[in-house]
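Asker: Fold the following.
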Amino acid sequence: MSDAGDVVERTQSDVAVRGARSLHASPSMRRVHASMRARTQRTLLSMKTLRRSLTHSRGANDAREAVDNCLVLHGWRSNMDVSKLQAKRLRLLAKFRKAHCVNGTQAVDAAADEATMELLDGPWFSWVDDRDGSLGMSEEARCEALREALRGVAKCALAHGPYKSVIGFSQGGAIATLLSIPEVLQAIGIEFGYLWQSSVVFCGASASLLDLT
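Answerer: Below is the predicted model:
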């Protein structure tokens, strides 16, 4: 699985452009804005203090607050470049500072369809290539592939998270769902805490993977 840090990112210049209109405000409006900013900062500080007082141990992510990033998991026989396109079309950077896209843990020979192969270059990946057992992989082998996928995504999230949200497409939605279940996290060695605060699944598929756990 590739490192999650070289993806789509909202830069400081985006923030500067949005604030440019306030440079020509009148002195009275500037005083109003300054007062509002001060009140907002005090409110945010109070909320942050309250959050910390209510937060329990997060295990491997102990004492780390979720940053304003999301993790994007692609579907069956796809790759991170497809995820980047989807992130842009969904305008994820309007909500998150960064969208971390990662490749699946099983390399495969081709994309899920010809249209994807014509649009983008490989290599291609799955999380569990034999998603429903139709390719002849034994259940034991499918279980091992699933464990490898879960551990790979968890390792990435522990290194770069915790995330505000995980976005899962197709088979990536099954992986996101499983890693949102405390019992599954415990089964792969994460005794306490979480990897993300929320999850969103688009076109969920590979539901049979849920039965392997």
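
Asker: Can you give me the distance of residue 120 to residue 168?
Answerer: To residue 168, residue 120 is 19 Å away according to CB to CB, to the nearest Å. Any C-beta I mention is one placed from the backbone N, CA and C, and that applies to glycine too.

Asker: More neighbours: which of the two?
Answerer: residue 168 (28 against 15; other CB atoms under 10 Å).

Asker: Please point out which parts of stretch 112-119 sit buried.
Answerer: 112, 116 (16 or more other CB atoms under 10 Å).

Asker: scratch that, stretch 130-148 is what I was asking about
Answerer: Neighbour-count burial for stretch 130-148 [16+ other CB under 10 Å]: 130-131, 137, 142, 145-148.

Asker: ok, now stretch 172-191?
Answerer: 172-180, 184-185, 190.

Asker: what's stretch 174-186 in contact with?
Answerer: 73, 127, 146, 149-150, 153-154, 157, 166-168, 191, 193-196, 199-201, 204-207, 209-210, 213 (CB atoms under 8 Å, 6 or more residues apart in numbering).

Asker: Please check those and keep the buried ones.
Answerer: 73, 127, 146, 149-150, 153-154, 157, 166-168, 193-196, 199, 201, 204-206, 209.

Asker: Tell me which of the residues you listed fall in helices.
Answerer: Using DSSP state H, 146, 149-150, 153-154, 157 are the members of the buried ones among the contacts of stretch 174-186 that sit in helices.

Asker: Out of these, which comes closest to residue 97?
Answerer: residue 157 (16.0 Å; CB to CB).

Asker: how about the strands in the protein?
Answerer: 8-9, 67-73, 98-102, 106-108, 124-126, 163-169, 196-202 (DSSP state E).

Asker: in its sheet, what does the second one sit against?
Answerer: Right, the one you point to is strand 67-73. strand 98-102 (parallel), strand 163-169 (parallel) (DSSP bridges).

Asker: now it against strand 196-202, angle please.
Answerer: 40 degrees (axes from the mean of the first three to the mean of the last three CA atoms, to 10 degrees).

Asker: got the buried residues for strand 67-73?
Answerer: Quick answer for strand 67-73 (16+ other CB under 10 Å): 69-73.

Asker: Using CSV, write out every CA atom in that strand.
Answerer: What follows is strand 67-73, C-alpha atoms only, in CSV (Å, rounded to 0.1, in the frame of the first residue of the first chain):
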residue,chain,number,x,y,z
VAL,A,67,-7.3,16.2,11.8
ASP,A,68,-9.5,17.6,9.1
ASN,A,69,-8.5,14.9,6.5
CYS,A,70,-10.3,12.0,5.0
LEU,A,71,-9.2,8.6,3.7
VAL,A,72,-10.5,7.3,0.4
LEU,A,73,-10.6,3.6,-0.5
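
Asker: Residues contacting that strand, please?
Answerer: Against strand 67-73 from outside (CB under 8 Å, 6+ apart): 4, 7, 80, 83, 86-87, 92, 95-102, 104, 127, 153, 156-157, 160-169, 172-173, 175-176, 196.

Asker: wait, residue 102 sits on residue 156?
Answerer: Yes - Residue 102 is within contact range of residue 156, at 5.7 Å (criterion: CB atoms under 8 Å).
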